[in-house]
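In: Below are the sequence and a predicted model for it; my questions follow.
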Amino acid sequence: MPTKLKGMTSLEIAIIVAIVLIIAVAVGWYLYTTFLSSAAGQPRLNVVSAEFSNSTKKLTLVLVNPGPVDVQISSVELAGKLVTNTTKIDVGKQVTVSVNIDISAAPGTMLPGRVILSSGHSFPFNAVVKP
């Protein structure tokens, strides 16, 4: 006795629709997060030069903000000593920042440091110690 071919049942249709819906949500989420990450710019900062004067106890930094967003410095750290500084650097601008730090180091050596932004990003540098 021949069997009759049966069409798709509602359960099979529901499973296929659910799979398509899951794939559509995954692709939509990927596109949404990709758009968000490209719309919000990450701050960048270039440390052009860093010099520490042993006689004046002053750190002088030359900083450039290449963009795409303005940056706000929160603090500057040199050899573990943190100093607050609230300099704002607009996109495309070069700024000289000077901070006083009570550190003694041998002239000719280099001290590690970093510029910390208000957003939490940090940018490392090595400061040359001058007499």
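Out: Perfect, I can see it now.
In: so Leu31, which of the three states?
Out: helix (DSSP: H, G, I helix; E, B strand; the rest coil).
In: So it versus Ser38, what's the distance?
Out: Distance of Leu31 to Ser38, given as CB to CB, to the nearest Å: 11 Å. Yep, even glycine has a C-beta here, placed from its N, CA and C like the rest.
In: Next: Asp90.
Out: From Asp90 to Ser38 the distance is 22 Å (CB to CB).
In: between the two, which one's more packed in?
Out: Ranked by neighbour count (other CB atoms under 10 Å), Asp90 and Ser38 place Asp90 first, with 11 against 8.
In: How about the contacts made by Gly92?
Out: 65-67 (CB atoms under 8 Å, 6 or more residues apart in numbering).
In: In a markdown table, list those along with secondary structure and neighbour count.
Out: As requested, the contacts of Gly92 are arranged in a markdown table below (DSSP: H, G, I helix; E, B strand; the rest coil; neighbours: other CB atoms under 10 Å):
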| residue | secondary structure | neighbour count |
| --- | --- | --- |
| Asn65 | coil | 20 |
| Pro66 | coil | 11 |
| Gly67 | coil | 14 |
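In: No further queries at this time; thank you.
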